[in-house]
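>>> Give me a model of this one.
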Amino acid sequence: MAKLEIKNLHVAIEDHEILKGVNLTVNSGEVHAIMGPNGTGKSTLASALMGHPKYQITKGEVYLDGENLLDMEVDERARAGLFLAMQYPAEVPGVTNSDFMRSALKATSGQDIGLFDFALRYEKVVEELKMSPDLAHRYLNEGFSGGERKRNEILQLKVIRPKFAVLDEIDSGLDIDALKVVGANVSELIDDKFGCILITHYQRILDHIKPTFVHIMINGQIVLSGGQDLIQKIDQGGYEWVKDELGIDFVEETDTP
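Got it, this is the predicted structure:
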């Protein structure tokens, strides 16, 4: 059983505070959905956990299986078992998808998997995600549609098999068929060795990846937590229902102070 603990996390950009005390514990075998309106700090949480230098941790602690995540560099966090599926995956011209994937697997596992074994593993996941067979030879994300980029993130996730994944709006850019494929592939990973944080605005991805817990983030804090019934309340009343229920005002936070 693996555990990711976030304790009173405060994050700022150039002294502009965005996260204002986030507390969350995620165990393997669990899916924690974080929902909330635009500009409330959800993607900031994802980037800060992975160690993006733009985001300054001003207070708080994060532990992965008892190890201080905040003392680690980005590559060390990946080797420790943390994975981020990015909201806007970047293009890497000149590096083929398969070469990148094999290098990432070697870097995170510390083992040099043989080319034949890697090819079998890679091709199996490509088929499971219903992606193009020529994917291996294309440059990483170059010329990819938004949906292809998101599926490619899940391809990396399935090949690497970390302890925890932070999935930042993986539903954006996906049509209904791709959404079903991505949902099924993420759901089958959930077991006693893997858990995830799923960041989203909308209910639709949660129809395909069933959350164990649902959290609502507003003004840089998790203000409400519950089960799947909370999704229905948000779907019916929107985030205005949360604001009215808790008597809070929403102030949009941005990455620019």
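>>> Distance-wise, check Ile199 relative to Ile216.
Distance, Ile199 to Ile216, using C-beta to C-beta, to the nearest Å: 12 Å. (Each C-beta comes from the backbone N, C-alpha and C, glycine too.)
>>> Now do the helices in the chain.
For the chain, the helices defined by DSSP state H cover 42-50, 74-80, 97-109, 115-128, 146-160, 176-187, 229-246.
>>> and the fourth one, which residues are buried?
Across helix 115-128, burial judged by 16 or more other C-beta atoms under 10 Å covers 118, 121-122, 125-126.
>>> Can you check what angle separates that helix from helix 176-187?
Relative orientation of helix 115-128 and helix 176-187, computed by axes from the mean of the first three to the mean of the last three C-alpha atoms, to 10 degrees: 130 degrees.
>>> I'd say Ile197 and Ile170 touch.
No: if you go by C-beta atoms under 8 Å, Ile197 and Ile170 don't touch, sitting 11.3 Å apart.
>>> re earlier: and of the helices of the chain, who's closest to Val31?
Comparing the helices of the chain by their distance to Val31 (C-beta to C-beta), the top pick is helix 176-187, with 8.3 Å.
>>> tell me the mean pLDDT for that closest one?
For helix 176-187, mean pLDDT rounds to 93.
>>> how about the CA coordinates for that helix, as CSV?
Output of helix 176-187 as CSV, limited to C-alpha atoms (Å, rounded to 0.1, in the frame of the first residue of the first chain):
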residue,chain,number,x,y,z
ILE,A,176,-16.8,10.8,-26.5
ASP,A,177,-15.2,7.7,-28.0
ALA,A,178,-11.7,8.7,-26.9
LEU,A,179,-13.1,9.6,-23.5
LYS,A,180,-14.4,6.0,-23.0
VAL,A,181,-11.0,4.6,-24.1
VAL,A,182,-9.0,6.8,-21.8
GLY,A,183,-11.4,6.2,-18.9
ALA,A,184,-11.3,2.4,-19.3
ASN,A,185,-7.5,2.4,-19.5
VAL,A,186,-7.0,4.5,-16.4
SER,A,187,-9.6,2.6,-14.4
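>>> hmm, back to that, could you look over the helices of the chain and pick the most buried one?
Among the helices of the chain, judged by mean count of other C-beta atoms under 10 Å, the one packed with the most neighbours on average is helix 42-50 (a mean of 23).
>>> Could I get the CA-only coordinates of that one as PDB?
Provided in PDB are the C-alpha atoms of helix 42-50 (Å, rounded to 0.1, in the frame of the first residue of the first chain):
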ATOM      1  CA  LYS A  42      -6.200  22.900  -9.300                       C
ATOM      2  CA  SER A  43      -3.500  22.900 -12.000                       C
ATOM      3  CA  THR A  44      -1.200  24.800  -9.700                       C
ATOM      4  CA  LEU A  45      -1.400  21.900  -7.300                       C
ATOM      5  CA  ALA A  46      -0.500  19.400 -10.000                       C
ATOM      6  CA  SER A  47       2.500  21.500 -11.100                       C
ATOM      7  CA  ALA A  48       3.700  22.200  -7.600                       C
ATOM      8  CA  LEU A  49       3.600  18.500  -6.700                       C
ATOM      9  CA  MET A  50       5.800  17.600  -9.700                       C
END
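>>> Of the buried residues of helix 115-128, which is the nearest to Lys59?
Lowest distance from Lys59 to those (C-beta to C-beta) belongs to Val125, with 39.2 Å.
>>> who's in contact with the closest residue to the closest one other than its chain neighbours?
Using C-beta to C-beta, 6 or more residues apart in numbering and skipping the chain neighbours, the partner closest in space to Val125 is Lys158 (4.7 Å). Neighbour list for Lys158: 125, 128-129, 185, 189 [criterion: C-beta atoms under 8 Å, 6 or more residues apart in numbering].
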